[in-house]
Structures are given as C-alpha cells and as structure tokens.
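In: Below are the sequence and a predicted model; questions follow.
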Amino acid sequence: MKSDTQLRADIQAELEWDPAVASAGVGVVVDHGVVTLTGHLGSYAEKLAAERAVLRVRGVKALAVEISVKLAAGFERTDADIAQAVEHALAWNVQVPRDAVKPMVEGGWVTLAGEVEWDYQRQAAESTVRNLLGITGITNLVKIKLQTCSADVERQVQDALIRVFRGEPRQVAIDVAGSQIVLRGKVRSWAELEAVCGAVWSAPGVVSVVNELAVEA
C-alpha cells in the first residue's frame with residue numbers, strides 16, 4: 001500500500017503530466033488515502049480534468065474538491081449569454097431529447113432540470129455544457145422517469161459485470177429494490193467503480209443507484 005507521501009507525489013506527477021490541467025494552480029493534501037484538492041483554476045472544464053487526473057492514480061480512496069473557478073479577465077460572460085449558449089448546445093446534441101432539459105444560470109453556475117428516460121441522456125446533457133465558456137459550475141437535477149425494472153434485472157446486471165470484468169466480478173453485491181439498485185462490496189480502483197456503475201445504469205428500468213462500493217487501498 002502506498003504511503004500518503006508517495007500517493008501525493010504520484011498525484012502531483014499525474015497533474016503535471018495532464019496537458020489539460022494548469023497544475024501550478026492546484027494544491028494536493030493526502031490523509032490516509034483521502035485526497036483533497038485546493039486552489040483556483042481558470043475554467044470548469046479544467047477543474048473536471050484535475051478531478052479525473054487524480055482518480056486515475058491508484059491508491060486514491062476518496063476525493064474532496066475545494067477548487068474554485070476564477071475566470072480570466074476577458075472570459076467573463078453574462079448569465080443571459082451563457083443560458084443561450086447552453087440552450088443551443090443542448091438542442092444540437094442528438095443524445096438529449098428535445099425540450100426535455102431546462103437550464104437555469106445564476107452567477108455562471110448552470111442548473112439543469114427536467115426528466116429523461118435513461119441515465120446516459122442525463123449525463124449527455126451535463127457533458128454537453130461543461131466545456132462552454134464562462135461556466136463556473138454545474139448542478140445536474142435532471143431526473144429519470146419512473147419505470148419498473150424487469151424481473152430478471154439482477155441477472156442482467158450480473159451478466160454485464162461479468163463481461164466488464166472478463167469473469168466473475170469480485171466482491172460486488174447487487175440488491176434490487178423496485179427501480180433502485182444498491183451496490184455493496186469492494187473494487188480495486190476508481191476505474192473499476194465507474195465500470196460497475198456504468199453497467200448498472202444501463203439496465204432497463206433503473207431510476208437510481210445507491211453506491212456503497214469501497215475502493216481498496
């Protein structure tokens with residue numbers, strides 16, 4: 001298991017390696033595998049890139065992000081300009097159902113509301129707007145329409161996990177309660193955790209996922 005000192009060094013190296021991140025603006029604190037990022041970055045997209053870089057590093061057990069977005073002079077946009085850009089971007093994305101997602105902008109922070117049928121549509125709405133100029137943050141409140149899971153959804157999810165892990169998934173338990181799935185157990189990395197959650201969200205009828213998985217040190 002990595003020491004906090006070694007993990008911090010690996011994270012700093014990964015941040016410096018990623019060309020999408022101005023690593024000089026990011027502070028890294030590690031305490032028993034729990035990582036906290038501090039500092040200021042010039043865009044919301046860059047903040048997300050820093051988060052993704054950290055989660056790629058093996059040994060990260062949890063991540064807290066205390067980075068604020070401070071737009072450089074000349075890059076500020078009015079809320080009206082941002083709202084119009086968000087609306088146009090959503091309209092041009094074929095994965096987002098037309099008129100299903102309604103944006104609201106306040107102080108550069110975008111809130112998405114509405115209702116869609118699948119999680120990938122909800123995620124597509126967020127990914128569509130996260131790189132737009134002037135955005136300081138996003139809150140995704142888009143809901144998934146209430147549906148009924150098929151009777152064999154647990155088997156379908158298990159089959160999907162077997163395909164993901166190329167064999168029996170390790171220490172992952174699945175509990176189905178109506179349209180909600182609860183995940184418990186352990187995975188080896190954040191990449192595995194995301195793969196499990198992605199497989200579960202693809203099951204028909206799933207409206208919510210409670211993620212109680214732990215990342216092993």
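Out: Thanks, I have it.
In: Could you give the number of residues near residue 135?
Out: Number of residues near residue 135 (other C-beta atoms under 10 Å) recorded here: 22. C-beta: built from backbone N, CA, C; applies to glycine.
In: right, and it touches residue 44 too?
Out: Yes. Contact criterion C-beta atoms under 8 Å: residue 135 and residue 44 qualify, at 4.8 Å.
In: Break the protein down into its domains, please.
Out: In terms of domains, the chain is parsed into 4-69, 79-144, 153-215 (source: automatic domain parsing).
In: which residues in the chain form strands?
Out: Using DSSP state E, the strands of the chain run over 26-31, 34-41, 62-69, 101-106, 109-116, 137-140, 143-144, 172-177, 180-187, 208-215.
In: For the lowest-mean-pLDDT helix or strand in the chain, buried residues please.
Out: When each helix and strand of the chain is scored by mean pLDDT, DSSP states H and E, helix 153-165 comes last, with a mean of 78. Buried positions in helix 153-165, judged by neighbour count with 16 or more other C-beta atoms under 10 Å: 153, 156-158, 160-161, 165.
In: What of stretch 40-54?
Out: Buried residues in stretch 40-54, counted by 16+ other C-beta under 10 Å: 41, 43-44, 46-51, 53-54.
In: Throw those into CSV and include pLDDT and distance to residue 116, thanks.
Out: Formatted as CSV, those follow (pLDDT from 0 to 100; distance: C-beta to C-beta, whole Å):
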residue, pLDDT, distance to residue 116
41, 91, 30
43, 90, 26
44, 92, 22
46, 92, 28
47, 94, 25
48, 93, 21
49, 93, 26
50, 95, 28
51, 93, 24
53, 94, 29
54, 94, 29
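In: In those, find the pair that's most separated.
Out: Spanning the widest gap among these are 43 and 54, at 17.1 Å by C-beta to C-beta.
In: sorry, back to before: would you mind giving the orientation angle of the least confident helix or strand of the chain with respect to strand 180-187?
Out: 30 degrees (axes from the mean of the first three to the mean of the last three C-alpha atoms, to 10 degrees).
In: So what angle separates the directions of helix 153-165 and strand 172-177?
Out: Using the same axes, to 10 degrees, helix 153-165 lies at 150 degrees relative to strand 172-177.
In: which strands and helices sit next to helix 153-165?
Out: Packing partners of helix 153-165 (3 or more C-beta pairs under 8 Å, 6 or more residues apart in numbering; DSSP states H and E): strand 172-177, helix 190-201.
In: Walk me through which strands the first one pairs with, and which way each runs.
Out: Just to be clear, that refers to strand 172-177. strand 180-187 (antiparallel) (DSSP bridges).
In: so how far is the strand it pairs with off the chain centroid?
Out: How far strand 180-187 lies from its chain's middle: 17 Å, per C-alpha atoms, centre = their mean, to the nearest Å.
In: Please apply the same query to stretch 34-44.
Out: Here stretch 34-44 is found 15 Å from its chain centre; the criterion is C-alpha atoms, centre = their mean.
In: Any idea which of the strands of the chain has the lowest pLDDT on average?
Out: Sorting the strands of the chain by mean pLDDT places strand 172-177 lowest, at a mean of 82.
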